[in-house]
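> kindly return the folded structure for what I paste below:
(chains A and B)
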Amino acid sequence: MDIDRDKLRELYAGYTSSKRPRSREGCPSSAEISMSFERSASARRKKEIIDHISDCSYCREEFMIIMEYHKQLAESATVSEGRPSSDEPGTLKRSSRLVFWRYAGAFLGLGIVVTSLVILRHQRDISTALRSSQPRLALLAPAAGQHLSGPPIFRWRALAPFEYFVIELFDQDLLPVWTSDKILGVQAQLPLAVSAELLPGRRYFWMITAFSGDSKVEESRLTSFVIDR
Amino acid sequence: MDQSHLDIEEHLGQILKDYGQFMNCELRRYNLSRYGLDPEDILQDVRIRIWQVICEKKKIFTLSAYIKKIISSAVIDQLRKRRREEGLVHQAQQIHVSEQKSIYSWDTIQKRALEETVGRAVEKLISSRRQVVKLYLLGFTIPEIAGYLNWTHDKTRNLLYRGLADLKESLKETETEHGYRP
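Okay, the predicted model is just below:
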C-alpha cells in the first residue's frame, strides 16, 4: 500500500482540530462517553460517539483520556496475570485464601470431576441457554435510545430459569435513581412517584439483574431511553 | 448533628477507608497532570456522589465497579469544568493572536482546503470502514480500535486496510487539482 499514512493522519488531524462546537449542548455526557467503552455498549452507540469525536475536539480529548485509561488497565492486567490485584480492598485476606485453596486444589478437582459426571448423566435436563455463550437476558422495552412520553414499562426476556429479577435505573451521570424490589415476572412498571421525578429531555439507563436463590446469576447490558418533553 | 447524619458519615468513612487505595490506584491510570487536573478535585467529586448514594439509600451491587464508572465520569466532568473556566481567557488570547498575524496566507488556505477534502472523503466511506479509519487517523492503534469496538484484531485490520484503500480511491478522483498524490 502506497498511501502516505502519516500525511493522511496529519491532514485529518488538521481537519478535526478546527472543529470546535460553539456550545457543549449537543455533546454526549461524561457518563455516555465512558459507558461507550463498556462491552455492553451497543455498536450503534459506539458509532455515534466516533462520529461525534471527529466533529468535536473537546469530546475527542475526553475520549482519548478514557482510551488511555483502558490501555493502562489492559497493560496492568497483562503484567499481573495470575496474580491477585493489589488495588482492590481485602488483598491480604485474599492472598492467604489463595494459599489455602492451592493445597485444597486436589479435593476441588475431584469435586469438579464428580459433578461433571453427574451433569453428563442428566444431560437432557441442561437447557440450550446454559451451554450457549449468548447472553441469557434480553432487554425488550424501552429499547435502546427510545423516546418515551409516559411512565416506562420495563420488559425483558429470560432465556434460562431464574428465580427473580431486580431492575436498576440510573440517570445520565450513572447516579442511581431507583432499584426495584424482587420481581418474579418479566415485566414491571416504574412506580408513578419515581416516574414523576424523571426530567424531560434527559437520558436514563436501566439494567436487569437475575437471581437464583440469593446469588446473582446474570446481569444484562445497560440500555438507555429518553423522556420526551 | 442527628443520628441519621452520623450514620451516613460513618458509612461514608468506612467506604473511603475500604476503597481509598483502590480509588488512588484508579486515578493514577488517568495521567491527570497531563491535562492539568488535580486528583483531589476528582476525589472530592467521587466522595460527593458516594455520599448522595448513601443518603438516598440506593443499592449498589458491585461497589468497586460503580466507583470505577463514577471516577471515569468525574474525570471528564472536571476537564469540562476546567475548560469552561479557561474559556474566557482563551477567547481573549485568540482575538489577540488573530490580530497579530494574518490567517489568510495562501499556504494556509491551500492546506485547509486539502484537510477539508480528506475530511469529506472519510465521511463518504461505508459505516464499518469509516469508524475504523476515523479512529486510526485520529491516532489510535489497531489493538486500541479493536478493543473499543469489541472486534478481533484481524477484522479490525482488514476493515482498516479496505477503508484506507477506499479513501485512496476517493482522493485520487477528487484531489489532483490540489496537487495531492496519495
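> and the one helix or strand A:L117 maps to, what's its mean pLDDT?
Counting by DSSP states H and E, the element that carries A:L117 is helix A:105-121. Mean pLDDT, computed over helix A:105-121, is 76.
> send me it as CSV with only the CA atoms.
The C-alpha trace of helix A:105-121 is given here as CSV (Å, rounded to 0.1, in the frame of the first residue of the first chain):
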residue,chain,number,x,y,z
GLY,A,105,-6.9,-27.9,44.9
ALA,A,106,-6.8,-31.7,44.6
PHE,A,107,-10.1,-32.0,46.5
LEU,A,108,-11.6,-29.3,44.5
GLY,A,109,-10.6,-31.0,41.3
LEU,A,110,-12.1,-34.3,42.5
GLY,A,111,-15.3,-32.5,43.2
ILE,A,112,-15.4,-31.0,39.7
VAL,A,113,-14.9,-34.4,38.2
VAL,A,114,-17.7,-35.9,40.2
THR,A,115,-20.1,-33.0,39.4
SER,A,116,-19.3,-33.3,35.7
LEU,A,117,-20.2,-37.0,35.8
VAL,A,118,-23.5,-36.2,37.4
ILE,A,119,-24.3,-33.5,34.9
LEU,A,120,-23.4,-35.7,32.0
ARG,A,121,-25.6,-38.4,33.4
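> got the buried residues for that helix?
Within helix A:105-121, no residue is scored as buried using 16 or more other C-beta atoms under 10 Å in any protein chain shown. In this view, the C-beta of every residue, glycine as well, is placed from N, C-alpha and C.
> the most centrally placed residue in chain A in helix, strand or coil?
When C-alpha atoms, centre = their mean is applied to chain A, the residue found nearest the centroid is A:S40 (4.1 Å). Following DSSP: H, G, I helix; E, B strand; the rest coil, we place A:S40 in the coil state.
> show the contacting residues for it.
Contacts of A:S40 were listed using C-beta atoms under 8 Å, 6 or more residues apart in numbering or on different chains, and they are A:S220, A:R221, A:L222.
> separate out the buried members of those residues.
A:S220, A:R221, A:L222.
> if I read this right, B:Q52 contacts A:V177, doesn't it?
No: applying C-beta atoms under 8 Å as the test, B:Q52 and A:V177 come out as separate, 11.1 Å apart.
> which of those two has more residues huddled nearby?
Applying other C-beta atoms under 10 Å in any protein chain shown to B:Q52 and A:V177 shows that A:V177 carries more neighbours, namely 18 against 12.
> direction included, what does whichever helix or strand the more buried one is part of pair up with?
Assigned by DSSP H and E, A:V177 belongs to strand A:176-179. Strand A:176-179 has its sheet partners listed here by DSSP bridges as strand A:164-170 (antiparallel).
> out of everything not next to it in sequence, what's closest to A:L174?
Nearest residue to A:L174, sequence neighbours excluded (C-beta to C-beta, 6 or more residues apart in numbering or on different chains): A:A31, at 4.6 Å.
> which SSE is the one you found in?
With DSSP H and E as the criterion, A:A31 is inside helix A:30-35.
> who's in contact with B:R49?
By C-beta under 8 Å, 6+ apart, the residues touching B:R49 are A:D173, A:L175, B:I70, B:A74.
> on that earlier part again, restricting to C-alpha, output the strand holding A:V177 in CSV.
Output of strand A:176-179 as CSV, limited to C-alpha atoms (Å, rounded to 0.1, in the frame of the first residue of the first chain):
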residue,chain,number,x,y,z
PRO,A,176,-28.9,5.5,41.0
VAL,A,177,-32.4,6.7,40.6
TRP,A,178,-34.4,3.7,41.6
THR,A,179,-33.9,0.0,42.5
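> starting at the chain centroid, how far to it?
Centroid separation between strand A:176-179 and its chain, computed with C-alpha atoms, centre = their mean, to the nearest Å, is 16 Å.
> neighbouring strands - and their directions - for the next helix or strand after that strand?
Counting by DSSP H and E, the next helix or strand C-terminal to strand A:176-179 is strand A:187-189. Partners of strand A:187-189 in the sheet, by DSSP bridges, are strand A:153-158 (antiparallel).
> quick one: buried residues of the partner strand?
Neighbour counts over strand A:153-158 (16+ other C-beta under 10 Å) mark A:F154, A:R155, A:W156, A:A158 as buried.
> where along the chain do the helices fall?
Picking chain A for this. A:5-17, A:30-35, A:43-53, A:57-79, A:91-103, A:105-121, A:128-131, A:192-195 (DSSP state H).
> hmm, I had chain B in mind actually
For chain B, the helices defined by DSSP H cover B:3-28, B:39-55, B:63-100, B:106-123, B:127-137, B:142-149, B:153-175.
> which one of the contacts of A:S40 is nearest A:E61?
A:L222 (24.2 Å; C-beta to C-beta).
> may I ask which helix or strand of chain B has the lowest mean pLDDT?
One helix or strand of chain B scores below all others by mean pLDDT, DSSP states H and E: helix B:63-100, with a mean of 74.
> so where's chain A shaky on pLDDT?
Low-confidence segments of chain A (pLDDT under 70): A:1-3, A:78-99, A:120-135, A:229.
> where is the longest strand in it?
Among the segments of chain A that qualify as a strand by DSSP state E, the longest is strand A:203-212.
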